[in-house]
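Student: build me a structure from this.
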Amino acid sequence: MRKTIGGKNYIWIDITQPSEDDIKYLKESFSIHPLTASAIIPALHYPDLDQFKNYISIILHYPHYTDKGEIKILEFDFIAGQNYLITSHQEDILPLRQVFDSYNRTDARRPEYMNAAPYILFLILNTFLKDVLAKINEIVKEIDGLEARIFIGQERTLLAEISSLKMKILDFWRIVKPQRMIFESLRATGASFYGQEYRHYFVILHRAHRRIENTLKNAKETIEALEESNQILITVKTNEVIRVLTVFSAIFMPLTLLASVWGMNTNYLPFHDTDKDFALIILIMALALAGMLSYFRHKDWI
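Tutor: Numbers count the residues shown, from 1 in each chain. The predicted model follows:
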C-alpha cells in the first residue's frame, strides 16, 4: 500500500508491505538500482547504507515491543533523493508513522526549510533515535529499581528480573551496535549528497546514535555488575547456611557417637548397672558439648 505526501519542493512516498508492483513502480518512476530493489523484498537481517548516483539507500532496524513484552526487530528502508523520499516497511513503525501523520496534517505550519526531502529524512531518523533512547532509558530506570532492592534480602527473586533485563539489553545491543556504521557513514555521505548546509543535521544524528550507544553500554555494564553483586550475596548466604549446618553436624557427631557406644549390648561398659549411669552419661555429653562450643567460639566459627 502506497501513501504519498507532496510539497512544493519534495514528495514523500510511504510503502507498507511492498509488493512486486511497488518495486516496478519505483524502478519506472525513480530509476532505482536493481540492488536497491532486491534489498526491499525480501527484508535483510542487517543494516546497510549505499550511495548511488541519484539517491542514498538506507536500511535500519527498529526495536518493537510485542504484546508479550518481547523485542521484535522490524526493518524499514529509505530511498532518499534530492527532492523525494521513499520509505518502505512490512509492519507499522511508530516513529515513521508519527512523522508521516504530522506532515499529513493540512493545518500543520512549518518553516520553509522543513519542506525539503533531506529535512524529512533527518526528522524521521531523529524521531527514530529519540524513540530508541526513550526505550533504553526505561530499561535504565528498571535497573535503578533493581539496584535499590538488591540489598534488602530479595537476591533470589531478583535473578529472573536481572536475566530478563540482560536479554533486553542484548536485544537492543544487537540493533544499535551494527547501526553505528550507518550513522558514521551518513555524516559524510549526507553532507556530500545534499550539500554542506545539511551537514549539521547529519552530525546531530551521529551524536544521537553515540548517546544511545553509550547509554546502552553503561546499562550493560551496570546490569552485569548488579548480577555479580547479587550472585556474591547469594553465595555468602549459602555459605553461611552451610557453615551453620556444618557446625551443628560437628557438634552432634561426638554426642551421637557417645550415645551409640553406651547403647551397645555389652556387659563391660562404664557405669553399667549403677543407679546414676544415665546422669553420668548426660554429664559427659554436656561436657563434650561445652568443650566443642568453647573451641568453636575460640576459633570464631560461631
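Student: ok, now which ones touch residue 199?
Tutor: Neighbouring residues of residue 199 by Cβ atoms under 8 Å, 6 or more residues apart in numbering: 187, 190, 191. Where C-beta positions appear, they are placed from N, C-alpha and C, glycine not excepted.
Student: for residue 8, state which of those residues is nearest.
Tutor: Closest approach to residue 8 among the contacts of residue 199 (Cβ to Cβ): residue 190, at 21.7 Å.
Student: and that closest one, how far from residue 211?
Tutor: Remark: distance between residue 190 and residue 211 (Cβ to Cβ, to the nearest Å) = 18 Å.
Student: the more surrounded of the two?
Tutor: A side-by-side neighbour count of residue 190 and residue 211, using other Cβ atoms under 10 Å, places residue 190 first with 27 against 13.
Student: can you tell me the element the more buried one falls in?
Tutor: Assigned by DSSP states H and E, residue 190 belongs to helix 180-194.
Student: same for that helix, what does it pack against?
Tutor: Applying 3 or more Cβ pairs under 8 Å, 6 or more residues apart in numbering; DSSP states H and E, one finds that helix 180-194 makes contact with strand 48-51, strand 55-65, helix 117-149, helix 199-262.
Student: which residues touch the spatially closest residue to residue 203 that is not a sequence neighbour?
Tutor: Of all residues not flanking residue 203 in the chain, residue 187 sits nearest, at 5.9 Å (Cβ to Cβ, 6 or more residues apart in numbering). Going by Cβ under 8 Å, 6+ apart, residue 187 touches 199, 202, 203, 205, 206.
Student: and residue 187, how far is that from residue 215?
Tutor: Relative to residue 215, residue 187 is positioned 19 Å away (Cβ to Cβ).
Student: next: residue 264.
Tutor: Taken as Cβ to Cβ, the span from residue 264 to residue 215 is 73 Å.
Student: how about residue 293?
Tutor: In terms of Cβ to Cβ, residue 293 sits 55 Å off from residue 215.
Student: in terms of neighbours, single out the busier of these two.
Tutor: Set residue 293 next to residue 215 and count neighbours by other Cβ under 10 Å: residue 215 wins out with 18 against 14.
Student: any idea how many residues pack against the closest residue to that one other than its chain neighbours?
Tutor: Nearest non-adjacent residue to residue 215, counting by Cβ to Cβ, 6+ apart: residue 136, 5.4 Å away. Residues near residue 136, counting by other Cβ under 10 Å, number 22.
Student: what does residue 2 give?
Tutor: Residue 2: 15 neighbours (other Cβ under 10 Å).
Student: still on that earlier bit, name the nearest of the contacts of residue 199 relative to residue 257.
Tutor: Distances from residue 257 to the contacts of residue 199, taken by Cβ to Cβ, are shortest for residue 187, at 79.2 Å.
Student: distance of that closest one relative to residue 254?
Tutor: In terms of Cβ to Cβ, residue 187 sits 77 Å off from residue 254.
Student: residue 231 now?
Tutor: The value you get for residue 231 to residue 254, if Cβ to Cβ is used, is 36 Å.
Student: can you check residue 198 too?
Tutor: 86 Å.
Student: of these two, which one has the most company?
Tutor: With neighbours defined as other Cβ under 10 Å, residue 198 and residue 254 compare such that residue 198 has more, 18 against 14.
Student: for the more buried one, which non-adjacent residue is spatially closest?
Tutor: Computed as Cβ to Cβ, 6+ apart, the closest residue to residue 198 that is not its neighbour in sequence is residue 118, at 4.9 Å.
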